[in-house]
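Enquirer: could you work out the structure for the sequence below:
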Amino acid sequence: MKNILTFDIITLFPDLFYSFLNESLIGKGILKGELEIKLTDLREFGIGKYRQIDDEPYGGGPGMLFRPEPVVRAIETRKFFYESQGQQVHSILLTPQGKPFKQKKAEILSTCDKCLLLVCGRYEGFDERIREYVDEEISGGDFICLGGEVIAMVLIEAISRLKENILGNQDSAEQETFTENGLLEEIHLIFSNHPPPNILLCSD
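Expert: Next comes the predicted model:
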């Protein structure tokens, strides 16, 4: 049975992903059946007539928080969908409070046979209770974005490129900077009007 790398992205803005999923090596990986990436619109799980998904923090404070009910319902619904088909789910909350994403983590997740369920935040963040319903929290680094969608794209690219048949040359994934040997990758030169340094032309 073919091992397909599966992602499911819970997001308030699924339209942000359409170009990303249809271009370059990610798009080709989907067409070849090496990747499967689903978009789950959080708004569909909103509360009431207007499908509300956010509210003011209890006790006051700036910004709005994602309410727990829509997010938890989305997580549980997608988990049930995959588990009913015999596939386990590893859920990841994308939040600045999470553990910084590094190459080693990408390598671990690239070998995971579970669906990677990525939950994207927005506004001021998540209601604290949502953390109880995910397996781990990941941060893109020591900076703040408008939402988790950009970080989800980073994870998808970093993880997917390590899967066999995604890159044209698999050696590219194994010899890049930040791989296990810890060494920086060699320099690359291609500009025709500027000859390479003499030291690179020496045979010694």
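Enquirer: quick one: residues contacting Q88.
Expert: Y82, D113, K114, C115 (C-beta atoms under 8 Å, 6 or more residues apart in numbering). Yep, even glycine has a C-beta here, placed from its N, CA and C like the rest.
Enquirer: 7 Å - rerun?
Expert: K114 (C-beta atoms under 7 Å, 6 or more residues apart in numbering).
Enquirer: ok, it to G147 distance?
Expert: 27 Å (C-beta to C-beta, to the nearest Å).
Enquirer: now L162
Expert: From L162 to G147 the distance is 25 Å (C-beta to C-beta).
Enquirer: with L25 instead?
Expert: Counting by C-beta to C-beta, the gap from L25 to G147 is 24 Å.
Enquirer: so where's this structure uncertain?
Expert: 1-2, 59-60, 168-204 (pLDDT under 70).
Enquirer: just the strands in the protein please.
Expert: Taking DSSP state E, the strands of the chain run over residues 5-11, 35-41, 54-55, 65-66, 89-100, 115-120, 125-126, 136-139.
Enquirer: related to what we said a few turns ago, compare L162 and G147 (neighbour count), which wins?
Expert: Higher neighbour count among L162 and G147: L162, with 21 against 17, using other C-beta atoms under 10 Å.
Enquirer: quick one: the residue nearest to the more buried one when sequence neighbours are not counted from E157, how far?
Expert: Nearest residue to L162, sequence neighbours excluded (C-beta to C-beta, 6 or more residues apart in numbering): S110, at 3.8 Å. Relative to E157, S110 is positioned 11 Å away (C-beta to C-beta).
Enquirer: correct me, but A74 touches D41?
Expert: No - at 8.7 Å, A74 does not count as touching D41 under the criterion of C-beta atoms under 7 Å.
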